[in-house]
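Enquirer: What follows is a predicted protein model with its sequence.
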Amino acid sequence: MTSNHCADKTSKSTQLDKVSFAMDQFRLDSLDVFAAIVRCGGFRAAALERGVSSSALSQTINALEEALGIRLLNRTTRSVAPTEAGQRLLQRLGPALTDIRLAVDDLNQLKENPSGTLRINAPGPAIDHLLCPAMFTFMDTYPDIRVELISDAAVIDIVEQGFDAGVRFGKQLAQDMIAVPLGPSLRYAIVASPNYIAKHGLPLTPNDLAGHNCIRRRFPGGTLVSWQFEKGGDALEVLPEGRLTVSSAHNELQAAVAGCGLAHIFEDYARPDLTNGRLTEVLKDWSPLLPSWYLYYPSKRHSSAAMRELVSFLRSYDWKVSQMPAYLNGHDQPNKPT
């Protein structure tokens, strides 16, 4: 390999380094300014098109030429025309800028017209009672948006796990999250089947639970759910005893209907069974009101148009119409076609 060939490769490498430096320093805006000046036939017309001063464009071109180490425009008091180097750059640059502009337009279209997929992580009861009924209406309103509802009672990092939003009980969320209330305040109910009550009697106070078989629920992390009570300003927390422990509210409800014991469950979730008589509520005067469910999502993240529409929709949604279909409790199944 000759020294001239090596020098030529070194020269080309240096030129590429300069171009790379220019792209890093000026990005696409400087190159777009150059293309606009040639297209408009001068600095003044290009400045009017872009809403800036002619001197600002002149400074941009001077800096670009200095970084590249080559003149791109021949300038006189009457005309502006690309040099040979400028013309060659423009031939390659024009199609590239068009492709980039179209790509950005596509992104803007995606941003302005709600579409895409929203992934939401939420506990089962929140999905069954709140999100499903609301999402049916939301998806009917926005047919280009897809929704994934993932049932999970564990507390996770929604950003790390690739979710757009999560739903949790109460407002105790990380500081960098925005919280949107879903529905009114909640209330836990202690419920049992009529058969269980006939055999074991009614507990009159939370202390009476020690003599009953309680259906316990364990969180995915291993913690048992405690039962909270309040009456006349006196608060009481009980960790119940019982033969059956489950990991979901759905199974807890099923067990209560089957007569396995007393269950501690959201009143709204048990309402279909309370209404039809499969369950009876006890210790009602000891059940306090609790904060609602909250949808939460990152505050330091640019929200898509789909996410913005979802938040707006949920803020104005009439939660009174959001009632869990009876078949979701696992007892009444919808009719299937034969």
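Expert: The structure has been received and is ready for your questions.
Enquirer: List the beta-bridge partners for the residue lying closest to residue 42 once chain neighbours are set aside.
Expert: Using Cβ to Cβ, 6 or more residues apart in numbering and skipping the chain neighbours, the partner closest in space to residue 42 is residue 80 (4.9 Å). Every residue, glycine included, has its C-beta placed from N, CA and C. Counting by DSSP bridges, residue 80 forms beta bridges with residue 75.
Enquirer: gap between residue 80 and residue 159?
Expert: Going from residue 80 to residue 159 by Cβ to Cβ, to the nearest Å gives 49 Å.
Enquirer: cool, residue 169 as well?
Expert: From residue 169 to residue 159 the distance is 20 Å (Cβ to Cβ).
Enquirer: First residue to last residue on stretch 143-163, what's the distance there?
Expert: Start and end residues of stretch 143-163 are separated by 20 Å (Cα to Cα, to the nearest Å).
Enquirer: what about the closest residue to residue 130 other than its chain neighbours, neighbour count?
Expert: Once flanking residues are discounted, residue 130 sits nearest to residue 182: 5.2 Å by Cβ to Cβ, 6+ apart. Residue 182 has 21 neighbouring residues, counting by other Cβ atoms under 10 Å.
Enquirer: so residue 182 makes contact with residue 314?
Expert: Yes: between residue 182 and residue 314 there is a contact at 6.4 Å, judged by Cβ atoms under 8 Å.
Enquirer: what touches both of these two?
Expert: Residues touching both residue 182 and residue 314 by Cβ atoms under 8 Å, 6 or more residues apart in numbering: 134, 295.
Enquirer: Let me see the contact set for residue 216.
Expert: 224, 225, 240, 241, 242, 244, 245, 246.
Enquirer: for residue 279, same thing?
Expert: Per Cβ under 8 Å, 6+ apart, neighbours of residue 279: 191, 192, 193, 256, 257, 270, 273.
Enquirer: And residue 49, by the same measure?
Expert: By Cβ under 8 Å, 6+ apart, the contact list for residue 49 reads 36, 40.
Enquirer: any chance you could map the helices in the stretch 101-250 of the chain?
Expert: 124-126, 132-141, 194-200, 249-257 (DSSP state H, counting those that start in this stretch).
Enquirer: deepest of the ones you listed, which one?
Expert: Of all the helices of the stretch 101-250 of the chain, helix 124-126 has the most neighbours on average by mean count of other Cβ atoms under 10 Å, namely a mean of 25.
Enquirer: roughly how far is that one from the heart of the chain?
Expert: Centroid separation for helix 124-126 versus its chain: 17 Å, with Cα atoms, centre = their mean, to the nearest Å.
Enquirer: what's in contact with that helix?
Expert: When contacts are defined by Cβ under 8 Å, 6+ apart, helix 124-126 is touched by residues 151, 153, 167, 169, 182, 248, 249, 250, 266, 269, 293.
Enquirer: Can you select the buried ones from the residues you listed in PyMOL?
Expert: Here is the PyMOL selection string for the buried members of the contacts of helix 124-126, based on 16 or more other Cβ atoms under 10 Å:
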select buried, resi 153+167+169+182+248+249+250+266+269+293
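Enquirer: Quick check: of the contacts of helix 124-126, which lies closest to residue 69?
Expert: Proximity of these to residue 69, judged by Cβ to Cβ, is greatest for residue 167, which lies at 57.0 Å.
Enquirer: Correct me if wrong: that closest one contacts residue 293.
Expert: Yes: assessed by Cβ under 8 Å, residue 167 is found in contact with residue 293 at 5.6 Å.
Enquirer: what sits in contact with each of these two?
Expert: Among the neighbours of residue 167, those also in contact with residue 293 (Cβ under 8 Å, 6+ apart) are 122, 126, 130, 182.
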